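Peer 1: Prediction below, plus the sequence it came from.
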Amino acid sequence: MKTQRFREDINGLRAIAVLSVVIFHFSDSLLPGGFAGVDIFFVISGFLMTSIIIRGVENNSFSLWSFLKARAKRIVPALTVTIALLLIAGYLCFDTISYQLTGKHSVGALSFISNFMFQSESGYFDTESKGKALLHTWSLSVEWQFYIIYPIFILFLSKLMSINNTKRTILTLAAISFAWCVYITYSNPVSSYFMLYSRAWEMMLGGVAYIYPLSCKDGNRKYIEFSGLVLIAISILFIQESTPWPGYFALVPVVGAYLCILASNDNSILSGAIIKRIGLWSYSIYLIHWPILVIMHKMNIDISFKWYIACTLLISFAMYELIEKRRTFGWGALVAYVLVLIAAGYISINGVSDRIKNQQFKLSKYEFRAKFEGHLSLPSAETIQYFNSTDKDFDYILVGDSFSRHYYAFFKDNNIKVASFGIDGCKVTKHFMRPLNFSQELKKICENRYQKEVDFINAHPGKKVIISMTWQNGEIGMPFDKNTKLPNDIVSELSYFLEDIKNSGSEVFILGNTQGSNRIMYECLASQSLPINQLFSKCESHIPQRDMPVHVRLAEFANKHKNVHFIDPTPALCSNGECKVLDGSMPVYTDTAHLTKKYSNVVGKYIFSKIESK
């Protein structure tokens, strides 16, 4: 095997990976599949770690302690500095809720268990996840867990069998890990995204590129590298957030990275001066880029792409020169790490709530939603929830996710007789389902919900049916049958729904999305008294009205059916192109889209005035 050398092609591959992630995080419309850059990083990491471990085992010189210490010196100092800077910035401008969560996530990131934290909270692409300043550290946790388990596993195998059989076992386990990844992607999509057991094959495939190097003419290597780059380009340009991930589709960027590494092209097109610099700074870029976006978002500062890139590169350059290039960290670095960890733990207790003057804004996010949201703090339930009614006396059947439940306050206060099937996060149709991070029990309820709704509607003919859920851009989520060829489209699924209840004679009312707010206004109000926010961040009372193309499609669908009506709630809160998000010192929404009790009534009254006029 070749001796270890600096691989400019791998360094260039790092640059592609980090730029893909950075561009995607700034705007997913610019690079829809840019999140696949993380998968490329995993392949690179697997190649480099396997080369270190296998060479050490073959030379009988491998030390697990030295290996882990070297990894720690590479990863921990820059991570510690990033988190320290974030905690300082958060003290000056984060509300109690956000700062408490940042402290909790900092502890997770520094102890390399943040992937477990994030998979237990929500999915990677959920709206609330985009306000978590350390969300991106899940991948560092996965890598660190791999660094611990992988060398121990190889050392164990090398004691039982020859080095050649150890290599064959790695190849076999990579294939088994991929098969498990495909299975878990469809059965538990949130865990599959964040967990090592569904990502290990990507790193092991990088290892395969080392243990089974390519033997071919140097002239052919550029074609293999080019093939790999084409696969990477296809993945980052055409894969979407809605694509089950990692799953089958992750093969595209992973195999692309594998081919680029396997080619080992000395005349790589990835070795230019600019791409070389970005590759060298890639770790610092990765650490810094996401916190910058989150801080800008929380302060409601609209930063242009060129200034965002410039700011990210400047800070990353400083981080690389001052921190990353040093590999001689000693006890001082360990003390700094422990101090930042202790500070993060303290912040995670209550977000240093003494910073906030107004007692009203010291509630946690969950306490605020429980107290003020239109869902009345009622839990999602498998049983039907009746409002002002019984199973023998009701007028309306409500189906949908949390965007049906936030009208509960209106139903209760106005004596509307409703039988509700609403469940948080459960956007479910005949063929597709988008559960958020459900327990297996709640996921089962969601899977069975559609048929229960249809059966109930057909068993109560003539009752008016209200559908209220987040329509997003018209996509739903995961198919029940992974082999389905049906389009993942809400309008198509509504057609199946109408067909299934056609004998009920029910009128169907489809409620559109709320306009929502650009940020969580409760967080803005809660942090308004902090010094930085007094200068730079104003809590706006109105925002410009958004265009919602999915509303046009839903209205067109309703117009084609005499018993279907589409109601857009926008006029209840908007006029002259401006939409209300604050009412004095209280938000209209408890997050970015769910109505408070007061505005559940405001919007609900508007909607029912339209229903009653039909």
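Peer 2: Structure received. Numbers count the residues shown, from 1 in each chain.

Peer 1: from here on, contacts and neighbour counts on C-alpha atoms
Peer 2: Noted.

Peer 1: Neighbours of Leu87, how many?
Peer 2: For Leu87, the tally of surrounding residues (other C-alpha atoms under 10 Å) stands at 20.

Peer 1: For it, give its distance to Arg546.
Peer 2: Distance check for Leu87 against Arg546: by C-alpha to C-alpha, to the nearest Å, it reads 34 Å.

Peer 1: what's Leu140 sitting at in phi/psi?
Peer 2: The phi and psi torsions at Leu140 (degrees, to the nearest 10) take the values phi -70, psi -40.

Peer 1: What's the local residue count around the closest residue to it other than its chain neighbours?
Peer 2: Of all residues not flanking Leu140 in the chain, Phe112 sits nearest, at 7.0 Å (C-alpha to C-alpha, 6 or more residues apart in numbering). Phe112 has 20 neighbours, counted by other C-alpha under 10 Å.

Peer 1: Phe112 falls within a strand, correct?
Peer 2: No: using DSSP: H, G, I helix; E, B strand; the rest coil, the assignment for Phe112 is coil, not a strand.

Peer 1: now the end-to-end length of stretch 182-198.
Peer 2: One end of stretch 182-198 sits 8 Å from the other (C-alpha to C-alpha).

Peer 1: May I see the buried residues of that stretch?
Peer 2: Residues 182-186, 188-198 are the ones in stretch 182-198 that count as buried (16 or more other C-alpha atoms under 10 Å).

Peer 1: In helices, which of those residues fall?
Peer 2: Taking DSSP state H, the ones among the buried residues of stretch 182-198 that sit in helices are 182-186, 189-194.

Peer 1: How about Leu31, nearest residue that isn't a chain neighbour?
Peer 2: Phe24 (5.2 Å).

Peer 1: Test my guess that the one you found contacts Gly37.
Peer 2: No: using C-alpha atoms under 8 Å, Phe24 makes no contact with Gly37, being 9.4 Å away.

Peer 1: Compare the two (neighbour count), which wins?
Peer 2: Remark: of Phe24 and Gly37, Gly37 carries more neighbours, 26 against 20, as counted by other C-alpha under 10 Å.

Peer 1: got a pLDDT number for that one?
Peer 2: Looking at Gly37, its pLDDT is 95.

Peer 1: Please point out which parts of the helix or strand containing it sit buried.
Peer 2: Element membership for Gly37, per DSSP states H and E: helix 37-58. By neighbour count on 16+ other C-alpha under 10 Å, the buried set for helix 37-58 is 37-51, 53-57.

Peer 1: Can you pull out the residues in contact with that helix?
Peer 2: Helix 37-58 is contacted by residues 4, 10, 13-14, 16-21, 62-63, 139, 143, 147, 151, 154-155, 158, 163, 199, 202-211, 236, 250, 253-254, 257-258, 261 when judged by C-alpha atoms under 8 Å, 6 or more residues apart in numbering.

Peer 1: Can I take it that the residue nearest to Leu31 is in a helix?
Peer 2: Yes: under three-state DSSP, Phe24 falls within a helix.

Peer 1: got a list of what it touches?
Peer 2: 30-35.

Peer 1: hang on, Ile303 packs against Met296?
Peer 2: Yes: the pair Ile303 / Met296 is scored as a contact, 7.3 Å apart, by C-alpha under 8 Å.

Peer 1: low-scoring stretches of the stretch 151-300 of the chain, by residue?
Peer 2: Of all residues in the stretch 151-300 of the chain, none has pLDDT under 70.

Peer 1: now the helices for it?
Peer 2: In the stretch 151-300 of the chain, the segments counted as helices under DSSP state H, counting those that start in this stretch are 163-187, 189-194, 200-211, 218-238, 251-263, 273-280, 282-298.

Peer 1: Turn those into JSON lines, including distance to Gly103.
Peer 2: Output for the helices of the stretch 151-300 of the chain, formatted as JSON lines (distance: least, C-alpha to C-alpha, whole Å):
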{"stretch": "helix 163-187", "distance to Gly103": "30"}
{"stretch": "helix 189-194", "distance to Gly103": "20"}
{"stretch": "helix 200-211", "distance to Gly103": "28"}
{"stretch": "helix 218-238", "distance to Gly103": "32"}
{"stretch": "helix 251-263", "distance to Gly103": "33"}
{"stretch": "helix 273-280", "distance to Gly103": "29"}
{"stretch": "helix 282-298", "distance to Gly103": "13"}
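
Peer 1: who wins for proximity to Arg355 among those helices?
Peer 2: For Arg355, the closest of the helices of the stretch 151-300 of the chain is helix 282-298, at 16.9 Å, according to C-alpha to C-alpha.

Peer 1: May I see the buried residues of that closest one?
Peer 2: For helix 282-298, the neighbour count (16+ other C-alpha under 10 Å) marks 282-291, 293-295, 297-298 as buried.

Peer 1: quick one: whichever helix or strand comes after it to helix 282-298, angle?
Peer 2: With elements assigned by DSSP H and E, the helix or strand that comes after helix 282-298 is helix 305-319. When axes from the mean of the first three to the mean of the last three C-alpha atoms, to 10 degrees is applied, the directions of helix 305-319 and helix 282-298 differ by 130 degrees.

Peer 1: Find the pair from the contacts of Phe24 with maximum spatial separation.
Peer 2: Within these, Leu30 and Phe35 form the most distant pair, 11.8 Å apart (C-alpha to C-alpha).

Peer 1: returning to that earlier point: list only buried entries from the contacts of helix 37-58.
Peer 2: Counted by 16+ other C-alpha under 10 Å, those give 10, 13-14, 16-21, 62, 139, 143, 147, 151, 154-155, 158, 163, 199, 202-211, 236, 250, 253-254, 257-258, 261 as buried.

Peer 1: Who are the contact partners of Thr328?
Peer 2: Counted by C-alpha under 8 Å, 6+ apart, Thr328 has contacts Lys73.

Peer 1: Doesn't it belong to a strand?
Peer 2: No: looking at Thr328 with three-state DSSP, it is coil, so not inside a strand.

Peer 1: and the gap between it and Arg74?
Peer 2: Counting by C-alpha to C-alpha, the gap from Thr328 to Arg74 is 10 Å.

Peer 1: and the chain, what are its domains?
Peer 2: 8-355, 365-613 (automatic domain parsing).

Peer 1: Can you list the residue ranges for helices in the stretch 451-600 of the chain?
Peer 2: Under the criterion DSSP H, counting those that start in this stretch, the stretch 451-600 of the chain contains helices at 490-500, 521-527, 531-536, 549-559, 597-613.

Peer 1: Among the ones in helices among the buried residues of stretch 182-198, which one lies nearest to Gln515?
Peer 2: In terms of C-alpha to C-alpha, no member of those lies closer to Gln515 than Val190, at 27.0 Å.

Peer 1: Contacts only, for the closest residue in space to Lys482 that isn't next to it in sequence.
Peer 2: Once flanking residues are discounted, Lys482 sits nearest to Tyr186: 7.5 Å by C-alpha to C-alpha, 6+ apart. Going by C-alpha under 8 Å, 6+ apart, Tyr186 touches 244, 247, 478, 482.

Peer 1: ok, 10 Å please
Peer 2: 192, 244-247, 478-482 (C-alpha atoms under 10 Å, 6 or more residues apart in numbering).

Peer 1: Ser468 too?
Peer 2: 398-407, 422, 427, 509-513.

Peer 1: if you set the cut-off to 7 Å instead, what comes out?
Peer 2: 399-400, 403-404, 510-511 (C-alpha atoms under 7 Å, 6 or more residues apart in numbering).

Peer 1: just these now: which is nearest Leu68?
Peer 2: For the contacts of Ser468, with Leu68 as the reference and C-alpha to C-alpha as the criterion, the closest is Phe403, at 47.6 Å.

Peer 1: Hmm, Met469 and the closest one touching each other?
Peer 2: Yes: with contact defined as C-alpha atoms under 7 Å, Phe403 and Met469 form a contacting pair (4.9 Å).

Peer 1: Which of the two has more residues huddled nearby?
Peer 2: Between Phe403 and Met469, counted using other C-alpha under 10 Å, Phe403 has the larger neighbour count: 29 against 25.
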